[in-house]
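A.B. asks: predicted model follows, preceded by the sequence.
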Amino acid sequence: MRITQQQYERIVGLTSRGIAPVRLEPENVRQVLYAAAQVARRGHLHEAETMITSLPLTGPLGPATLDLKARICAQQGRLVEAQLCWMEAVRQSPGNEAYRQCLQYVTRTLRPSRLPLLICSITLTMLVVMALILAYVVGRMQ
């Protein structure tokens, strides 16, 4: 699935805030990513997300930024946003198995469960069988 540039920018929080990506040196990006990951680990997800908003989403550290954004979104229950971030991270870094596994996990989580349908089918079958048995018993009694 390919997303448009507009969807991509909206998901990663750039255009919705009117913020243009800032050009940072890779070492500075690493430092911000590390600090944001530490903040997120302490449970301050909104603060961590704010810290990475202006980081570049392409280039050598783009996938790592997208991965952290996806993890924050997933922890907040924003699974569709997480899925889109991991999709882009996998696209930019196709050899990264961790991104691919996270994407597969969130995709499976978003897939509707078939269990309610199965339970409904079994219940309906049982009701039909019981109705047939009842009709047979009532018919024999008359």
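C.D. replies: Nice, I can see it. Numbers count the residues shown, from 1 in each chain.

A.B. asks: setting aside sequence neighbours, what's the nearest residue to Ala36?
C.D. replies: Met51 (4.1 Å; C-beta to C-beta, 6 or more residues apart in numbering). Any C-beta I mention is one placed from the backbone N, CA and C, and that applies to glycine too.

A.B. asks: list the buried ones in the helix or strand hosting that neighbour?
C.D. replies: Assigned by DSSP states H and E, Met51 falls within helix 45-52. Across helix 45-52, burial judged by 16 or more other C-beta atoms under 10 Å covers 45, 48-49, 51-52.

A.B. asks: okay if I get those residues as a markdown table plus distance to Ala37 and pLDDT?
C.D. replies: Output for the buried residues of helix 45-52, formatted as a markdown table (distance: C-beta to C-beta, whole Å; pLDDT from 0 to 100):
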| residue | distance to Ala37 | pLDDT |
| --- | --- | --- |
| Leu45 | 11 | 94 |
| Ala48 | 7 | 92 |
| Glu49 | 11 | 93 |
| Met51 | 9 | 89 |
| Ile52 | 9 | 91 |
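
A.B. asks: tell me the mean pLDDT for the helix ranked longest in the chain?
C.D. replies: Longest helix in the chain by number of residues, with DSSP state H as the criterion: helix 115-141. Average pLDDT, helix 115-141: 86.

A.B. asks: so where's this protein uncertain?
C.D. replies: Low-confidence segments of the chain, defined by pLDDT under 70: 1-24, 113-114.

A.B. asks: that one - how does it break down into domains?
C.D. replies: 5-111, 113-142 (automatic domain parsing).
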